[in-house]
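S.K.: Let's see this in three dimensions:
(one chain, ligands or ions: 1)
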Amino acid sequence: MKIYIASAFTEKERVAQLFERAKGLGFEIAGDWTIHRLVKPYEENKEISKQYAEEDISSVRNSDVFILLSNQEGSTGAHVEFGAALALAKEKGKPKIYVVGDHTSRSLFYYHHLVNIRKDIEDIFQELGNDNSFKSLEKKENMVKIGIIGGSGLDDPKLLENYECIDIITPYGHPSSSITQGKLNSVDVAILARHGKKHQIMPSNINYRANIWALKELGCTHIIATTAVGSLQEDIAPGHLVFPDQFIDRTTKRAQSFYDTNKVCHIPMAEPFCAKLRVNIIEGAEQQKLTHHKKGTVLTIEGPRFSTKAESHMFRSWNAHIINMSTVPEVVLAREAGLCYASIAMSTDYDCFMETREPVTLEEVLRVMHENAEKVKSLLKEIIPKIHHTECSCKEMIKASVIG
Ligand SMILES: [Zn+2]
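M.R.: Sure thing, here's the model as predicted:
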């Protein structure tokens, strides 16, 4: 389905964002006027203006759906395209025309039978996506795109070739950071900084739903999450990598589901991490000869404070191996979104159970974290080209889990 989004010239940034959103939802864009209108040629060069207008009209002609955003004054700001869309719709019954906003201009009055007015563009996307945004996303079945949710030190855009930064807004608000998109050995990769680019967002305040939604919307099929963890076991020394296969949830303040209004979702969580993706990561670590633990239970606490000794001993008695503040609800939301999710946990220090050592300090954590970041970057470079679409059940589980 090809979509044309028209608006006032001054709103080109907003429209460019909506293009990204529409593309992420699996729609095609019929023409991108936000690019050629960056050079405002109207007064200076009538020939170029005419050429652009013709290009716009031909894009409108190719579109199935024409969406007009009204600007603050209530005028369309896109007279040429809107006129073309109306004429085509009247003559050929296509494109289907939507207007966003409380629009009462004269042209709408005369052509009201051709125009569908909606309050919000999200309503239109939802209508077009057959009431289920995620459903339309599954068109991109055979492509692989890897989302990296970078912990500290791992949101480095230099990992990627030809990268660009994209700001994206989701129904849950803004994700933690703009998303850096590019290629790593020819594979599409999108990197998100979990704590924000300046590490300014504390774990309880991370918008986990917006983060997962944004990566899904950009077409990611897999998420590799990197996370700094404390070790709860003597054999997991600082600097070791752990690829967890289980979690224990000790968070208290976080939204854990996309389904919190009309529907209820009971998503299976017996095996929370994608088994196939974990194998990719384990093989990569073996190839790179990195000291690692093939599995382990990660315990996620609410934070931001570290544990007491009593808590640390209790967590050990539960057979938890490592402790952090971010895996839950990230892994849960990824499962709801039908994404394969696995985690690379970097042990930075022993948690405070170890009586012979000084309790964990932030300074020590940061030092080991920087050393770990380099290891994980080389691991990512090793594994990403080897990730393929495999038959795993991560994508399917949501289908049988929603009630209502
Ligand atoms: Zn999977």
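S.K.: who's in contact with stretch 305-320?
M.R.: With Cβ atoms under 8 Å, 6 or more residues apart in numbering as the test, stretch 305-320 has contacts from 230, 232-233, 248, 297-299, 301, 323, 351-353, 359-360. No exception for glycine: its C-beta is placed from N, CA and C like everyone else's.
S.K.: Try it again at 10 Å.
M.R.: By Cβ atoms under 10 Å, 6 or more residues apart in numbering, the surrounding residues in contact with stretch 305-320 are 230, 232-234, 244, 246-248, 250, 296-301, 321-323, 325, 349-355, 359-362, 365.
S.K.: Please list the residues of this protein that sit near the ion.
M.R.: 274, 340, 392, 394 (Cβ under 5 Å from the ion).
S.K.: The third one: neighbouring residues, count only.
M.R.: Other residues near C392 number 13, with proximity taken as other Cβ atoms under 10 Å.
S.K.: Pop out the phi and psi values for I29.
M.R.: I29 adopts backbone torsions of phi -100, psi 130, taken as degrees, to the nearest 10.
S.K.: So what's the residue count around it?
M.R.: 16.
S.K.: confidence score at it?
M.R.: Per-residue confidence (pLDDT) for I29: 86.
S.K.: so who does the nearest residue to it once chain neighbours are set aside touch?
M.R.: Excluding the flanking residues, the one nearest I29 by Cβ to Cβ, 6 or more residues apart in numbering is F19, at 5.3 Å. The contact partners of F19, by Cβ under 10 Å, 6+ apart, come to 3, 5, 27, 29, 32, 34-35.
S.K.: got the residue ranges for the helices in this protein?
M.R.: 12-24, 33-36, 46-61, 79-92, 106-110, 121-128, 133-137, 208-217, 275-287, 309-317, 327-336, 362-383 (DSSP state H).
S.K.: any idea of the angle the first one forms with helix 121-128?
M.R.: Relative orientation of helix 12-24 and helix 121-128, computed by axes from the mean of the first three to the mean of the last three Cα atoms, to 10 degrees: 20 degrees.
S.K.: in the stretch 151-300 of the chain, what residue is nearest the ion?
M.R.: C274 (3.2 Å; Cβ to the ion).
S.K.: How many neighbouring residues does that residue have?
M.R.: Neighbours of C274 using other Cβ under 10 Å come to 26.
S.K.: ok, it to A87 distance?
M.R.: Taking Cβ to Cβ, to the nearest Å as the measure, C274 falls 50 Å from A87.
S.K.: How about Y4?
M.R.: 14 Å.
S.K.: When these two are compared, which one has more neighbours?
M.R.: Taking neighbours as other Cβ under 10 Å, Y4 and A87 compare with Y4 leading, 27 against 15.
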